[in-house]
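Undergrad: Below: sequence and its predicted model.
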Amino acid sequence: MIALVVITFLVVLAAVMLSVSSGLRYFESKRKKQLVSVLRTVSEAGQEHVELLMDADSMNSGAQPMPGPQAVYDKLGVLISESGLNWDAKKLLILTCGAFAVGCVIGAMIPFEVSIFVRCFAVGSALAYVPFMMVKKARTKRLDGMEAQLPDALDFLARSMRAGHAFTISLEMVGQELADPLGQEFRALFNEQNMGGSLDRSLANFGKRVPLADVRFFSSAVLLQRQTGGNLGEVLGRLSHIIRERFRLKGQIKAVSAHGRLTATILTILPIATLGGLMIVSPQYLSPLVHDPMGRKLVMIGITCLVLGNVFIRKIVRIRV
């Protein structure tokens, strides 16, 4: 009986100690992540003065050095950072090379009467684009989410400043109350301000991390208010109303152009699906398109017309607001 009590006591004590240790490790890792976030935002390079309303293309239209491997590597890093994925450029390149190798193996196994080099290169290139497509899709989704959160954040800032809070305190409150991903960026903006960074540089880095036109308008409004004075809360409230009206207009345009986008998708996928079905069911049926010179010309003309048709339809239905 005594041995059972002792064993039970030791088991309960071990469970309690394990729970306490796990909790301490969790809170310690959370504090480390917060500290790393603060140091990351402060250590980011930024210019002291940035023309926030200037178009990025026009800013880069001057004399620039020839692009090299390091420039491509940096652009990949910026793209991954904007996507919010826990990757780096090295991992993206490794995934791309791995996808290309898998595509070469699949291309060699396809029973189609074409040169094995052409098959491997075509399928490998298609699969190698998949990691980039994933990063771009994650970036688009993240930026769209932040753009949808921005009106609520501006309303929160406006109400907080009308209540008498300072601008920096309002930034801290927005970062705490707003959900990610935009809440994370506002926390980074406040951390940089809190660590002694200038407002111009902090807003410039904020605009680089969130490359949206509405963010440039927000940063410009804040800097103009500091230089000329005025009611910043009212300005942010009007900017929030304009963004919401633009969202409503974009929704109407998206609903009207849905038929055109669906038509482009179907007309692009249908020939490819038909070709794939024929390759599986009867590969010999397509042999004249490969061996006959006129067949190869028809294939090239068909691919060109397919690509041009898709591009033209999407250009017609794509309306920027």
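TA: The structure has been received and is ready for your questions.

Undergrad: these two touch, right, R226 and L199?
TA: Yes - taking C-beta atoms under 8 Å as the definition, R226 is a contact partner of L199 at 6.8 Å. Quick note: C-beta positions are derived from backbone N, CA and C, even for glycine.

Undergrad: okay, the two: which has more neighbours?
TA: When R226 and L199 are compared for neighbours, L199 comes out ahead with 16 against 13, by other C-beta atoms under 10 Å.

Undergrad: ok, the more buried one to R139 distance?
TA: 27 Å (C-beta to C-beta, to the nearest Å).

Undergrad: quick one: terminal-to-terminal distance for stretch 160-169?
TA: Using C-alpha to C-alpha, to the nearest Å, one end of stretch 160-169 lies 9 Å from the other.

Undergrad: my bad, stretch 196-215
TA: Note: stretch 196-215 ends 22 Å apart using C-alpha to C-alpha.

Undergrad: Please renumber the chain so that the first residue is 24 from this point on.
TA: Let's use 24 as the start, then, which means that last one is stretch 219-238.

Undergrad: I'd like the average pLDDT over it.
TA: Across stretch 219-238, pLDDT averages out at 86.

Undergrad: tell me which residues in it are buried?
TA: Buried residues in stretch 219-238, counted by 16 or more other C-beta atoms under 10 Å: 220, 222-233, 235, 237-238.

Undergrad: Could you pull out the helices in the stretch 74-223 of the chain for me?
TA: Ranges of helices within the stretch 74-223 of the chain are 79-82, 92-106, 112-132, 139-185, 190-200, 205-217, 222-232, based on DSSP state H, counting those that start in this stretch.

Undergrad: Distance check, G252 against E105.
TA: Between G252 and E105 the computed distance is 34 Å (C-beta to C-beta).

Undergrad: Settle it for me: which of these two has more neighbours?
TA: Between G252 and E105, counted using other C-beta under 10 Å, the more crowded position is E105 (20 against 8).

Undergrad: thinking again about what came up before, most widely separated two among the buried residues of stretch 219-238?
TA: Largest separation among those by C-beta to C-beta: G220 and D237, giving 22.2 Å.

Undergrad: Quick check: the spatially most central residue of the chain vs L235, distance?
TA: In the chain, the centroid-proximal residue (C-alpha atoms, centre = their mean) is R162; its distance is 1.0 Å. Noted for R162: a distance of 12 Å to L235, by C-beta to C-beta.

Undergrad: So what's the residue count around A281?
TA: A count of neighbours around A281, defined by other C-beta under 10 Å, yields 11.

Undergrad: quick one: it and L329, what's the gap?
TA: Counting by C-beta to C-beta, the gap from A281 to L329 is 21 Å.

Undergrad: With V39 instead?
TA: Plainly put, V39 is 67 Å away from L329 if you go by C-beta to C-beta.

Undergrad: neighbour count winner among the two?
TA: Counted by other C-beta under 10 Å, V39 and L329 do not tie: L329 has more neighbours, with 15 against 10.

Undergrad: check contacts around the more buried one.
TA: 290-291, 294 (C-beta atoms under 8 Å, 6 or more residues apart in numbering).

Undergrad: try 10 Å this time
TA: By C-beta atoms under 10 Å, 6 or more residues apart in numbering, the contact set of L329 is 290-291, 293-295.

Undergrad: Out of those, which end up buried?
TA: Using 16+ other C-beta under 10 Å, the buried members of these are T291.

Undergrad: List just the nearest of the contacts of L329 to R267.
TA: T291 (34.0 Å).

Undergrad: in what helix or strand does that closest one lie?
TA: helix 281-304 (DSSP states H and E).
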